[in-house]
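1. this one's structure only:
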């Protein structure tokens, strides 16, 4: 479980996060949504320790990440898997080498054991025939799947995804969403996703945190999002005519 | 950002570089890869340039020594001194600053802007140590061999230019290069090479690691890295010459 209490973070004179508090649970897919510039990426990077908060507490199963010793921080990092917006695969390495990289760095497994684990996770993301390809030879969706495979290869307790669907077509987005949700359930991972994709919000959003100008403006599930009266989130989520109609239909059916 | 801030940040980066690698096996792989990229792949250009510049030095010396009282052996002597003292260590290092420096900055800079460095950090890897230390060791250990090869080929190029042009006799040139041999000059050249190799690997790494923006920023950082590495090589060359030869 990840608990965030009163988190503040700014850059120079600009306050980006203004006292965010929330909780993310294991086995649950949590989504952070909000307009561009609302502080989503800064929030996610603060969670994974790439930004140091000015104040506030982020605790992972009761362990406060800003109070870690170097050794504890290293161990904690191995419990984290991260899928970056642009996949962030190492260009000079093949798919197999990319996925094997964390194993080589942090385990004492033999080459065969590592290869078995790599093949297992690549199979899990339906990419069993691309081991020897380089990232440049893969489509955007395949790159995302390799990034997910690399993120889960160490059996993480926490999975963070920064806009995993950006640049993908709707069908591939659904495949990626379902894959993340399946993995979250299967391994009881605490998953936090930054997204702009309203389809993801409706499909896999077990918990949704809506940020507006660095403040948590709303929190709830994808079912609650239909019924909410919060104007900010209604304007944001139902900005397209399609979603407006979906909401109207849902509300009329549940009256 | 002012120069003082850059200097401070550069030395703080070096503080992170010189730490024990997290996994020797991974470090070894990165080191061999960097020896290939930064060293072996520079062999061709250094051999080619050294050979022809050696020839030009010998020809220019021969053409400018038209006094019959000056022996032709001086051509070989002057060519040897110029090549060992300046051409091989300094001129070749400036060429390597351009070739290798831009490669280092663009490769690390691209990793920065495509979040690959963030990915390393999230995994708990000291990214500066992982990316920069193998490059320093690869250049510091390999460039002395490269520069020695440059010296040999430069001197050989001078001999061949003389023999082929008929401007001086090959035997005079050989007597010239054998006369007044001072081993310390080789030590001086090697000390310079080590300092320049260190600059060639660390200054471009700094520019690449701290790049901000997109591909245009990476291009600008590469240019800046080459310019600053060259400037620092020239300045270091002056001070090393002052310290070691006067």
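-> Looks like it came in fine. Only a predicted model underlies this, so the values are computations on that prediction, with no experimental measurement involved. Numbers count the residues shown, from 1 in each chain, chains lettered A, B, ... in the order given.
2. which ones are touching residue 215?
-> As the question left the chain open, I've gone with chain A. A:18, A:19, A:20 (CB atoms under 8 Å, 6 or more residues apart in numbering or on different chains). Where C-beta positions appear, they are placed from N, C-alpha and C, glycine not excepted.
3. that answer is for a different chain, and I need it for chain B
-> Applying CB under 8 Å, 6+ apart to residue B:215 gives the contacts B:110, B:113.
4. Any figure for the gap between it and residue A:108?
-> Look at residue B:215 and residue A:108: by CB to CB, to the nearest Å, they are 39 Å apart.
5. try residue B:179
-> On the measure of CB to CB, residue B:179 and residue A:108 end up 60 Å apart.
6. which bits of the stretch 51-200 of chain A sit near chain B?
-> A:73-74, A:76-78, A:80, A:82, A:84-86, A:88-92, A:101-102, A:104-106 (CB under 8 Å from any CB of the partner chain).
7. so what secondary structure elements neighbour the helix or strand harbouring residue A:160?
-> Taking DSSP states H and E as the definition, residue A:160 sits inside strand A:158-162. Applying 3 or more CB pairs under 8 Å, 6 or more residues apart in numbering or on different chains; DSSP states H and E, we find strand A:158-162 packed against helix A:40-47, strand A:80-83, helix A:170-187, strand A:190-194.
8. Hmm, residue A:236 and residue A:35 touching each other?
-> Yes. Using CB atoms under 8 Å, residue A:35 makes contact with residue A:236 at a distance of 6.7 Å.
9. what is in contact with the two at once?
-> Shared contacts of residue A:35 and residue A:236, counting by CB under 8 Å, 6+ apart, come down to residue A:212.
10. what about these two, which has more around it?
-> Comparing residue A:35 with residue A:236 by other CB atoms under 10 Å in any protein chain shown, the one with more neighbours is residue A:236, at 20 against 16.
11. tell me the mean pLDDT over whichever strand or helix holds the more buried one?
-> Per DSSP H and E, residue A:236 falls inside helix A:231-237. Mean pLDDT, helix A:231-237: 82.
12. got the buried residues for that helix?
-> Residues of helix A:231-237 classed as buried: A:232, A:233, A:234, A:236, A:237 (neighbour count, 16 or more other CB atoms under 10 Å in any protein chain shown).
13. can you count the residues close to residue 144?
-> All of this refers to chain A. 30.
14. oops, chain B please
-> Residue B:144: 17 neighbours (other CB under 10 Å).
15. what's the distance between it and residue B:190?
-> 6 Å.
16. likewise residue A:181?
-> In terms of CB to CB, residue A:181 sits 61 Å off from residue B:190.
17. out of those two, which sits in the more crowded spot?
-> Under the criterion of other CB under 10 Å, the comparison of residue A:181 against residue B:190 puts residue A:181 first, with 19 against 15.
18. residues in contact with that one?
-> Residue A:181 makes contact with A:29, A:191, A:203, A:204, according to CB under 8 Å, 6+ apart.
19. Same drill for residue B:179 and residue A:108, tell me which one is more crowded.
-> When neighbours are counted by other CB under 10 Å, residue B:179 and residue A:108 differ, and residue B:179 comes out ahead with 13 against 7.
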